[in-house]
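1. 3D model of this:
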Amino acid sequence: MKNFFQFLSEAGASTAVQQAERMGLVGDGHGGWYDPKTKEFVAKTEKGQLKFYNKRQKVGEKDPPQTPKEKNLSQPSQEPESQQEPQAQQPVEMVPPEVEKTKGTLTVAFGRFNPPTTGHEKLLDTVATSSDNGDYIIVPSRSQDKKKNPLDPDTKVSVMRQMFPKHSEKIINDPANRTIFDVLKKAHMDGYVNVRIVGGGDRVKEFENLSGNYNGKMYQFDNIEVRSAGERDPDAEDDLSGMSASKQRKAAAEGDFKTFRKGVPASMNDNQARELYNSLRSAMQIKEGWNLWEIAPKFDWLNLRENYVQEKIYKIGQLVENLNTGLVGRIIRRGTNYLICVTEDNIMFKSWIKDISESRKHLETPIKNIENLVKKSKESSQVNFNKLTDVSGVPADHRLVGTDAYRKYVETMVPGSSWGLQFINKYRKK
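-> Residues are numbered from 1 along each chain as shown. As a prediction, the model looks like this:
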């Protein structure tokens with residue numbers, strides 16, 4: 001996945017890129033180039049040209065080791081953050097550390113489980129049966145807020161181990177696993193050759209795009225497979241396929257323990273189910289006048305959309321978290337029902353508004369940089385738009401139906417129309 005800065009820089013630096021690739025150099029994604037064998041910084045792209053910074057290099061001979069000053073040229077600027085452009089922030093690691101691959105395939109499930117339900121049992125069982133020789137892990141996210149993620153991570157993991165005893169040893173409680181990328185990077189460092197990600201049918205595409213785009217950059221696997229645990233039917237009458245965390249939060253908010261109990265597996269007795277129910281209500285801080293679209297958006301999509309369209313929620317520059325992947329970033333663009341966000345590492349991701357939550361995490365990205373990012377985003381979109389209209393021949397100001405400009409354009413698309421008019425005028429009798 002490329003960010004806007006990569007698109008803008010690559011457009012004017014194709015010559016430098018070709019030259020660097022011919023030399024076997026590896027880019028860091030921010031204009032820097034280094035030798036993959038020696039790990040030494042070699043050059044940077046400046047004004048579309050490849051400029052070498054190791055002043056003591058000799059043609060045909062191995063370059064001498066870099067001095068500390070030369071090595072610093074490949075590091076981000078040390079200027080105060082308020083004066084830096086977004087490109088100067090710490091870049092995403094473009095080459096994963098080399099590790100000995102001694103293990104086969106790790107099967108992974110990464111999700112919110114807030115709260116865990118009978119519906120999640122199907123997911124966990126699918127992960128187990130999909131794994132090679134029982135080598136799998138269940139990774140609950142670290143997301144927490146009183147609306148969509150009321151249970152704190154420790155409580156959530158404790159409840160999951162109680163609910164699903166046959167998977168208890170595979171349920172991981174690691175504060176370092178905040179995003180799906182954290183999980184994949186750890187699997188790489190642990191020496192796995194392949195990974196298999198299992199998730200709900202509605203999340204397969206998202207996991208495929210993110211995990212595949214960064215293979216070879218943040219981690220290295222021979223194969224990354226994303227497998228669906230099946231579609232969840234919210235209208236199903238059985239407790240397994242029709243149950244969801246959204247239903248449980250809705251039942252807790254409405255004070256409906258009878259419905260809530262149906263979503264708790266038989267591995268927990270009534271007293272334990274009641275304790276979970278009370279804990280959930282307490283964490284959600286249920287008060288009079290609560291909104292369903294805030295705690296279970298899939299059951300009140302219209303009000304969620306209405307609040308979004310009126311810009312009461314999810315504004316440009318706001319910090320949000322993708323609840324499916326754990327990625328936290330600032331909003332740089334608002335779509336019809338989705339958001340484009342950028343993390344502090346300049347990873348760009350797209351999220352549907354139903355899968356987003358306001359984040360309390362503090363990022364060091366200055367507001368000034370976010371404003372620049374939005375500006376770059378708009379400029380990039382305009383450039384791409386103009387490029388498309390140049391090809392199709394439809395300038396943006398000629399698209400308004402009913403105008404003379406639009407009529408004239410349509411006439412040019414009718415074979416022989418303009419030429420025919422000239423022909424008739426030229427040869428008509430006077």
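2. quick one: low-confidence ranges for the stretch 101-250 of the chain?
-> 232-242 (pLDDT under 70).
3. quick one: the helices in it?
-> 118-130, 153-163, 180-189, 204-213, 245-254 (DSSP state H, counting those that start in this stretch).
4. what about Asp154, neighbour count?
-> A total of 11 residues lie near Asp154 under the criterion other CB atoms under 10 Å. Placement of C-beta: from N, CA and C, glycine included.
5. leaving out sequence neighbours, find the closest residue to it.
-> Asn173 (6.8 Å; CB to CB, 6 or more residues apart in numbering).
6. next, count neighbours for the one you found.
-> Neighbours of Asn173 (other CB under 10 Å): 15.
7. any chance of the helices of the stretch 101-250 of the chain in JSON lines, plus distance to Gly27?
-> Formatted as JSON lines, the helices of the stretch 101-250 of the chain follow (distance: least, CB to CB, whole Å):
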{"stretch": "helix 118-130", "distance to Gly27": "36"}
{"stretch": "helix 153-163", "distance to Gly27": "37"}
{"stretch": "helix 180-189", "distance to Gly27": "20"}
{"stretch": "helix 204-213", "distance to Gly27": "16"}
{"stretch": "helix 245-254", "distance to Gly27": "41"}
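8. hey, what's Lys51 bridged with?
-> Per DSSP bridges, the residues bridged to Lys51 are Lys44.
9. so, low pLDDT: which residues of the stretch 301-430 of the chain?
-> Residues of the stretch 301-430 of the chain meeting the criterion pLDDT under 70: 360-430.
10. follow-up on the earlier one: go ahead and confirm the residue nearest to Asp154 touches Val157.
-> Yes. Using CB atoms under 8 Å, Asn173 is in contact with Val157, at 4.2 Å.
11. identify the contacts common to the two.
-> Residues touching both Asn173 and Val157 (CB atoms under 8 Å, 6 or more residues apart in numbering) are Pro140.
12. so what are the domain limits for the protein?
-> If you go by automatic domain parsing, the domain ranges for the chain are 4-75, 103-242, 398-430.
13. which residues of the stretch 251-400 of the chain fall in helices?
-> Counting by DSSP H, counting those that start in this stretch, the stretch 251-400 of the chain has helices at residues 257-262, 270-284, 292-295, 301-309, 367-392.
14. relative to Gly111, which of the helices of the stretch 101-250 of the chain is closest?
-> Of all the helices of the stretch 101-250 of the chain, helix 118-130 sits nearest to Gly111, with 7.2 Å by CB to CB.
15. could you give the angle of the closest one to helix 153-163?
-> With axes from the mean of the first three to the mean of the last three CA atoms, to 10 degrees applied, the angle from helix 118-130 to helix 153-163 works out at 80 degrees.
16. for the stretch 51-200 of the chain, which segments count as strands?
-> 103-111, 136-140, 192-199 (DSSP state E, counting those that start in this stretch).
17. what's the second one packed up against?
-> Strand 136-140 sits against strand 103-111, helix 118-130, helix 153-163, with contacts defined as 3 or more CB pairs under 8 Å, 6 or more residues apart in numbering; DSSP states H and E.
18. what does that strand rub up against?
-> 106-114, 124, 127-128, 130, 153, 156-157, 160, 167, 170-174, 177, 183.
19. okay, now Ser143: neighbour count?
-> 25.
20. distance check, it against Val320.
-> Applying CB to CB, to the nearest Å, the value for Ser143 to Val320 is 11 Å.
21. between those two, what contacts are shared?
-> Ser357.
22. mind checking the strands of the stretch 51-200 of the chain for the one nearest to Leu292?
-> strand 103-111 (21.9 Å).
23. which strands or helices does that closest one pack on?
-> Using 3+ CB pairs under 8 Å, 6+ apart: strand 103-111 touches helix 118-130, strand 136-140, helix 180-189, strand 192-199.
24. sheet partners, orientation included, of that strand?
-> Assessed with DSSP bridges, strand 103-111 is paired to strand 136-140 (parallel), strand 192-199 (parallel).
25. would you turn the strands of the stretch 51-200 of the chain into TSV with mean neighbour count?
-> Formatted as TSV, the strands of the stretch 51-200 of the chain follow (neighbours: other CB atoms under 10 Å):
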stretch	mean neighbour count
strand 103-111	22
strand 136-140	24
strand 192-199	22
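26. columns distance to Phe299 on top of those strands, output as a markdown table?
-> Output for the strands of the stretch 51-200 of the chain, formatted as a markdown table (distance: least, CB to CB, whole Å):
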| stretch | distance to Phe299 |
| --- | --- |
| strand 103-111 | 19 |
| strand 136-140 | 23 |
| strand 192-199 | 21 |
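27. out of those, nearest to Ile286?
-> strand 136-140 (22.9 Å).
28. any idea what Tyr219 is bridged to?
-> Under the criterion used here (DSSP bridges), Tyr219 is bridged to Asn215.
29. ok, it touching Ala187?
-> Yes. Using CB under 8 Å, Tyr219 makes contact with Ala187 at a distance of 7.1 Å.
30. between the two, who's got more neighbours?
-> Tyr219 (23 against 20).
31. tell me the contacts of that one?
-> By CB under 8 Å, 6+ apart, the neighbours of Tyr219 are Pro96, Phe181, Leu184, Lys185, Ala187, His188.
32. and of these, the nearest to Phe349?
-> Using CB to CB, those come closest to Phe349 at Phe181, 10.5 Å.
33. tell me the contacts of Asn114?
-> With contact taken as CB under 8 Å, 6+ apart, Asn114 is in contact with Pro140, Ser141, Ser143, Lys148, Asn149, Pro150, Leu151, Lys156, Ala245, Arg249.
34. can you count the residues close to the last one?
-> What that stands for is Arg249. Per other CB under 10 Å, the neighbour tally for Arg249 reads 25.
35. cool, and the fifth one?
-> When counting by other CB under 10 Å, one arrives at 25 neighbours for Asn149.
36. contacting residues around it?
-> Arg112, Asn114, Ser141, Ser143, Leu323, Ser357.
37. would you mind measuring from the residue nearest to the first one when sequence neighbours are not counted to Glu208?
-> Leaving aside its chain neighbours, Arg112 sits nearest to Ser141 (5.2 Å; criterion: CB to CB, 6+ apart). Noted for Ser141: a distance of 19 Å to Glu208, by CB to CB.
38. out of the two, which sits in the more crowded spot?
-> Ranked by neighbour count (other CB under 10 Å), Ser141 and Glu208 place Ser141 first, with 24 against 15.
39. same question for stretch 263-276: list its buried residues.
-> By neighbour count on 16 or more other CB atoms under 10 Å, the buried set for stretch 263-276 is Gly263, Val264, Pro265, Met268, Ala273, Leu276.
40. surely Asn337 meets Leu304?
-> No. Using CB under 8 Å, Asn337 makes no contact with Leu304, being 9.0 Å away.
41. quick one: contacts for the residue lying closest to Gln162 once chain neighbours are set aside?
-> Spatial nearest neighbour of Gln162, chain neighbours left out: Met268 (6.2 Å); criterion: CB to CB, 6+ apart. Contacts here follow CB under 8 Å, 6+ apart; on that basis Met268 touches Gln162, Met163, Leu276.
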